[in-house]
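Novice: here is a sequence together with a model predicted from it:
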Amino acid sequence: MPTQRDVQPVRTIPDAERRARLARRHGVDPAARLPDPVAATEAMTVLHATEPATVHLSVHARVQDVTVDDIEHALYTERSLVKQLAMRRTLFVFPRDLLPAAWGSASARVAVQHRSRLVKDVEQGGIAVDGAAWLVAAERAVLARLADGSAHGAKELREALPELAGRIGGQTDKKYDISIAIAPRVLTQLAVEGRIVRGVNGGHWRTSRPRWTSMASWLGEVPPPWPAADGYRELVRRWLRTFGPGTEADLVWWLGSTKAAVRTALVEVGAVTVALEDGRPAFLLPDDVDPVGPVEPWAALLPVLDPTVMGWKERAWYLGDHGPALFDTNGNAGTTAWWDGRVVGCWVQDEDGAVRVVALEPLPAEATAALQAEADRLTAWLAGVRVLTVYPSPAMVAAR
């Protein structure tokens, strides 16, 4: 089993090569853009979808001339991209073929934790003495309502199903203790287990108003979840292809799993140990150890929680000292402006929707011009639509 102590690295990979790999594989270098939304998602393994606008903006950053309709077609008509709660209890957009791997591993791990907490909250909130039995009944009611292939918003389901009635919280005078409906938590539980899914969005692409439907009606034929070890192995294999070289700490964090699961998966994919520029051990797939040559300097503007900036736990090689300015206190990344493989600032929108780059360090004229070209491209694509976020970074707040 690869460990940090007893495996000799096959070679050292400098930070410059890591940046070149990122530019080519993530499609963020304008010269390496990808053909369509599915290719962009597969290149990143998954896309972050905590904020719905992130999906569209992440695809736009990687696909030339893509339209909102193109993205919505992949999500809601073709259904080649599917939203699924998984790693770190985060909502992602998955390529459809990767879903069974997540259902049996990362999603299953989250499902166990979420169910336990939900049962406790039902009991402590006074909704039912037996929280487990209450949850089973609520789940059955939802599944029965969706069995005909229909789709409904959370509010519709709550109003139609008395089994979903009840609220938790709001029992103290603390600001964070607010009363909330329990129904969305039940829907989340069913969704993380792959039994229901966020179907067509009932609102604008930058807002989240999913119409819930059964996974069977959404996908047609639903494959069974993979065994946990197989699922983790596939997730690790795809992560290494996208983000490698990466450290054990990177993988444990990204998967939201255990060191044991990561180490087992690394062995099973035949991961090769390399050394990073600072001497730390990291991993690559066995067919991916050849050196990658440099790329021409490039510029990119990425949205809040973009998978590139969120792909690693250890980020100094592309963030430098800018981390505190670009992440909120909970570790959520705001918008980022990239030049030649490094984050050099963020971007915000003016009142009229124009995109403005905010540099956090002195930049050469070439970088300023390239970033302005990307800002103009994004401004034209947004066409006056302003994208708001609940995760503004300190730099974004200061720039407004």
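Specialist: That came through fine.
Novice: residue ranges with poor pLDDT in this protein?
Specialist: 1-6, 170-177 (pLDDT under 70).
Novice: tell me which residue is most central in it.
Specialist: Central residue of the chain (CA atoms, centre = their mean): residue 48, 2.2 Å from the mean position.
Novice: ok, now which ones touch it?
Specialist: 54-55, 58, 90-93, 305-307, 310 (CB atoms under 8 Å, 6 or more residues apart in numbering). For every residue, glycine as well, the C-beta is placed using N, CA and C.
Novice: now with 7 Å, please.
Specialist: Going by CB atoms under 7 Å, 6 or more residues apart in numbering, residue 48 touches 54, 90, 92, 305-307, 310.
Novice: how much space separates the residue lying closest to it once chain neighbours are set aside from residue 49?
Specialist: Spatially, and ignoring its direct neighbours in sequence, residue 48 is nearest to residue 305 (4.3 Å; CB to CB, 6 or more residues apart in numbering). With distances taken as CB to CB, to the nearest Å, residue 305 is found 9 Å from residue 49.
Novice: same question, residue 255
Specialist: Going from residue 255 to residue 49 by CB to CB gives 17 Å.
Novice: do residue 16 as well
Specialist: 32 Å.
Novice: comparing the two, which shows the higher neighbour count?
Specialist: Neighbours were counted for residue 16 and for residue 49 using other CB atoms under 10 Å; residue 49 has more, 23 against 15.
Novice: for residue 146, which non-adjacent residue is spatially closest?
Specialist: With CB to CB, 6+ apart as the criterion, residue 146 has its nearest non-adjacent residue at 4.5 Å, and that residue is residue 214.
Novice: quick one: contacts for that neighbour?
Specialist: By CB under 7 Å, 6+ apart, the contact list for residue 214 reads 143, 146-147, 149, 196.
Novice: buried among those? Need that as a selection in ChimeraX.
Specialist: Applying 16 or more other CB atoms under 10 Å to the contacts of residue 214, the buried members can be selected in ChimeraX as follows:
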select :146,196
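Novice: distance to residue 129 and secondary structure added to the contacts of residue 214, as CSV?
Specialist: CSV is the format used below for the contacts of residue 214 (distance: CB to CB, whole Å; DSSP: H, G, I helix; E, B strand; the rest coil):
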residue, distance to residue 129, secondary structure
143, 23, helix
146, 27, helix
147, 29, coil
149, 35, coil
196, 26, strand
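Novice: the contacts of residue 214 into a markdown table, with extra columns for distance to residue 352?
Specialist: Output for these, formatted as a markdown table (distance: CB to CB, whole Å):
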| residue | distance to residue 352 |
| --- | --- |
| 143 | 47 |
| 146 | 42 |
| 147 | 48 |
| 149 | 43 |
| 196 | 40 |
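Novice: which of the contacts of residue 214 sits closest to residue 31?
Specialist: Nearest to residue 31 among those is residue 196, at 41.0 Å by CB to CB.
Novice: got the phi and psi for residue 181?
Specialist: Residue 181 adopts backbone torsions of phi -70, psi 140, taken as degrees, to the nearest 10.
Novice: I meant residue 311, not that one.
Specialist: phi -80, psi -20.
Novice: pull the number of nearby residues for the nearest residue to it once chain neighbours are set aside.
Specialist: Nearest residue to residue 311 in three dimensions, chain neighbours excluded: residue 243, at 4.6 Å (CB to CB, 6+ apart). The local packing of residue 243 (other CB under 10 Å) involves 22 other residues.
Novice: can you tell me how far residue 243 is from residue 314?
Specialist: Counting by CB to CB - residue 243 and residue 314 are separated by 11 Å.
Novice: next: residue 35.
Specialist: For residue 35, the distance to residue 314 - CB to CB - is 31 Å.
Novice: neighbour count winner among these two?
Specialist: Neighbours per residue (other CB under 10 Å) separate residue 35 from residue 314, with residue 314 holding more: 15 against 12.
Novice: isn't the more buried one right up against residue 248?
Specialist: No - in this structure residue 314 lies outside contact range of residue 248 using CB atoms under 7 Å: 10.3 Å.
Novice: re the thing from before, in JSON lines: the contacts of residue 48, plus secondary structure and distance to residue 125.
Specialist: Formatted as JSON lines, these follow (DSSP: H, G, I helix; E, B strand; the rest coil; distance: CB to CB, whole Å):
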{"residue": "54", "secondary structure": "helix", "distance to residue 125": "31"}
{"residue": "90", "secondary structure": "coil", "distance to residue 125": "25"}
{"residue": "92", "secondary structure": "strand", "distance to residue 125": "29"}
{"residue": "305", "secondary structure": "coil", "distance to residue 125": "30"}
{"residue": "306", "secondary structure": "coil", "distance to residue 125": "36"}
{"residue": "307", "secondary structure": "coil", "distance to residue 125": "35"}
{"residue": "310", "secondary structure": "coil", "distance to residue 125": "33"}
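Novice: out of these, who's nearest residue 130?
Specialist: Nearest member of the contacts of residue 48 to residue 130, counting by CB to CB, is residue 90, at 30.2 Å.
Novice: which residues are in contact with that closest one?
Specialist: By CB under 7 Å, 6+ apart, residue 90 lies in contact with 48, 50.
Novice: same check on residue 242?
Specialist: Residues in contact with residue 242 (CB under 7 Å, 6+ apart) are 25, 43-45.
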